[in-house]
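Asks: Pasted the sequence and its predicted model underneath.
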Amino acid sequence: MINFSKLKGEQLKLAKKVLIKDSFEKLELIGGVDAAFKENKVIAAVVVCDYKSMEVKEKVYSVVDEKLPYMAGFLAYREGPAISEAYAKLKIKPDILIFDGNGILHPRRIGLASHMGILLEQASIGIARSLLDGEVKDKIVYIDKEARAELVTSREHSKPIYISPGHNISLKTSVEVVKNCIRFPHKLPEPLHLAHRFADEMK
């Protein structure tokens with residue numbers, strides 16, 4: 001049996017380490033991280049791009065046995081081991097990583113992007129396609145009166161994406177970075193779109 005109260009305690013401890021201010025030194029390389037699933041396997045893909053041109057510099061993947069079923073709020077425990085293993089294979093580390101999952105837009109302020117940002121010691125941004133928690137006011141998502149995310153319509157006539165800071169980055173910069181990574185006709189920022197496609201290919 002999975003002890004979710006133990007995992008919650010661990011999340012609350014990690015949440016205290018999350019830093020929501022711009023603490024990265026430069027922005028030349030940006031990475032996208034996504035996972036796909038097949039039978040009992042988690043396939044995690046990381047694609048690193050040049051921030052200005054979006055040219056792919058490196059891509060890696062890893063396949064790990066799934067240890068936890070999908071549970072809202074605990075994504076890092078399901079995808080994290082495969083992501084960590086893929087990340088360790090990178091020869092060049094990105095300055096910022098964009099995750100397919102929330103940053104601090106999470107009931108305990110520790111979504112996938114925040115959790116992995118701390119574990120990998122990486123500036124990170126979370127992207128969600130649906131809102132699991134919080135209330136939206138003037139395109140900003142609040143939880144406990146704190147601005148946790150911004151709603152951005154990245155493509156005409158498409159549903160918005162929710163951008164939240166993960167770790168070592170502010171909300172304002174997270175939104176700017178993601179907007180700079182959008183390439184028509186894709187809805188998701190290019191590194192994340194490429195990671196999504198690569199994970200599917202490897203599946």
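Replies: Done, it's in.

Asks: didn't Leu105 look like it was pressed against Arg148?
Replies: Yes: between Leu105 and Arg148 a contact is recorded at 4.4 Å, counting by C-beta atoms under 8 Å. From N, CA and C alone the C-beta is placed, and that goes for glycine too.

Asks: what residues are shared contacts of those two?
Replies: Common neighbours of Leu105 and Arg148 (criterion: C-beta atoms under 8 Å, 6 or more residues apart in numbering): 134, 141, 164.

Asks: do you know how far Gly73 is from Ser124?
Replies: 17 Å (C-beta to C-beta, to the nearest Å).

Asks: Pick out whichever of these two has more residues nearby.
Replies: Ser124 (33 against 19; other C-beta atoms under 10 Å).

Asks: and that one, that's in a strand?
Replies: Yes: residue state for Ser124 (DSSP: H, G, I helix; E, B strand; the rest coil) corresponds to a strand.

Asks: quick one: it and Leu14, what's the gap?
Replies: Ser124 is 13 Å from Leu14, by C-beta to C-beta.

Asks: swap in Leu105?
Replies: 15 Å.

Asks: Mind listing the strands the helix or strand in which Arg148 is found pairs with, and their directions?
Replies: Element membership of Arg148 [criterion: DSSP states H and E] is strand 146-152. Strand pairing for strand 146-152, using DSSP bridges, gives strand 140-143 (antiparallel), strand 161-167 (antiparallel).

Asks: possible to save these as TSV with mean neighbour count?
Replies: Output for the strands paired with strand 146-152, formatted as TSV (neighbours: other C-beta atoms under 10 Å):
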stretch	mean neighbour count
strand 140-143	17
strand 161-167	28
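
Asks: Dump those strands to JSON lines, plus distance to Met1.
Replies: Output for these, formatted as JSON lines (distance: least, C-beta to C-beta, whole Å):
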{"stretch": "strand 140-143", "distance to Met1": "29"}
{"stretch": "strand 161-167", "distance to Met1": "30"}
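
Asks: Save those as CSV, and put in mean pLDDT too.
Replies: Putting the strands paired with strand 146-152 into CSV (pLDDT from 0 to 100) gives the following:
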stretch, mean pLDDT
strand 140-143, 97
strand 161-167, 98
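
Asks: And those strands: which comes nearest Pro81?
Replies: Closest to Pro81 of the strands paired with strand 146-152 is strand 161-167 (C-beta to C-beta; 17.9 Å).

Asks: what's the following helix or strand after that closest one?
Replies: Sequence-wise, the next helix or strand downstream of strand 161-167 (DSSP H and E) is helix 171-181.

Asks: what's the following helix or strand after that following helix?
Replies: Heading C-terminal from helix 171-181 (DSSP H and E), you reach helix 190-202.

Asks: roughly how far is that following helix from the heart of the chain?
Replies: The chain centroid and the centroid of helix 190-202 are separated by 13 Å, computed with C-alpha atoms, centre = their mean, to the nearest Å.

Asks: re the thing from before, of Leu105 and Leu14, who's got more company?
Replies: The residue with more neighbours, out of Leu105 and Leu14, is Leu105; 30 against 19, by other C-beta under 10 Å.
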